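Peer 1: Following is a predicted model, sequence given first.
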Amino acid sequence: QVQLAESGGGLVQAGGSLRVSCAASGMSFSNYAMAWFRQALGKEREFVAAISSGAGNPDYADSVKGRFTISRDSANMVYLQMDSLKPEDTAVYYCAADRTYWGHLNLYYDYWGQGTQVTVSS
């Protein structure tokens, strides 16, 4: 079955960088759009970034545009490079996959990972 496993979270100071990764298995990876969402304590899950199955058309939430970069490779990995991190970026980051959708609405994604915690200290 489809499995998504995030890694790379941790504690970083404001202004620093971190890269989180998502390993996908049990799927024809090249046929799936991939996305990152995040959920801060007490808040709803929100869209961060998405990339189409063909690795084109990356899309970003306004709050991270210019600071975060989503990418994917042929080894069934998806990455989120996070630069110029702010305390408000603190959240659990989730990887998501869907065959046809790479928009901002989490309810349309079929598969989810367990998440990785990112904490940005001020």
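Peer 2: Cool, the structure landed.
Peer 1: Please name the nearest non-neighbouring residue to the residue nearest the centre of the chain.
Peer 2: Nearest to the mean C-alpha position of the chain, by Cα atoms, centre = their mean, lies W36 at 2.3 Å. The shortest distance from W36 to any residue other than its chain neighbours is 4.3 Å, reached at V48 (Cβ to Cβ, 6 or more residues apart in numbering). (Glycine included, C-beta is placed from N, CA and C.)
Peer 1: And that neighbour, which helix or strand is it part of?
Peer 2: strand 46-51 (DSSP states H and E).
Peer 1: List of residues touching that strand?
Peer 2: With contact meaning Cβ atoms under 8 Å, 6 or more residues apart in numbering, strand 46-51 is reached by 33-39, 57-61, 64, 68-72, 78, 80, 93, 102-106.
Peer 1: give me that answer again for 6 Å
Peer 2: 34-38, 58-61, 64, 68, 70, 72, 102, 104 (Cβ atoms under 6 Å, 6 or more residues apart in numbering).
Peer 1: Are any of those buried, and if so which?
Peer 2: Buried members of the contacts of strand 46-51, scored by 16 or more other Cβ atoms under 10 Å, are 34-38, 59-61, 64, 68, 70, 72, 102, 104.
Peer 1: tally of neighbours for T69?
Peer 2: 16 (other Cβ atoms under 10 Å).
Peer 1: shaky segments in this protein?
Peer 2: By pLDDT under 70, the chain has no low-scoring segment.
Peer 1: Y109: what's its closest spatial neighbour, skipping adjacent residues?
Peer 2: Nearest non-adjacent residue to Y109, counting by Cβ to Cβ, 6+ apart: A96, 3.9 Å away.
Peer 1: in a strand, that's where the one you found is, yeah?
Peer 2: Yes - under DSSP: H, G, I helix; E, B strand; the rest coil, A96 sits within a strand.
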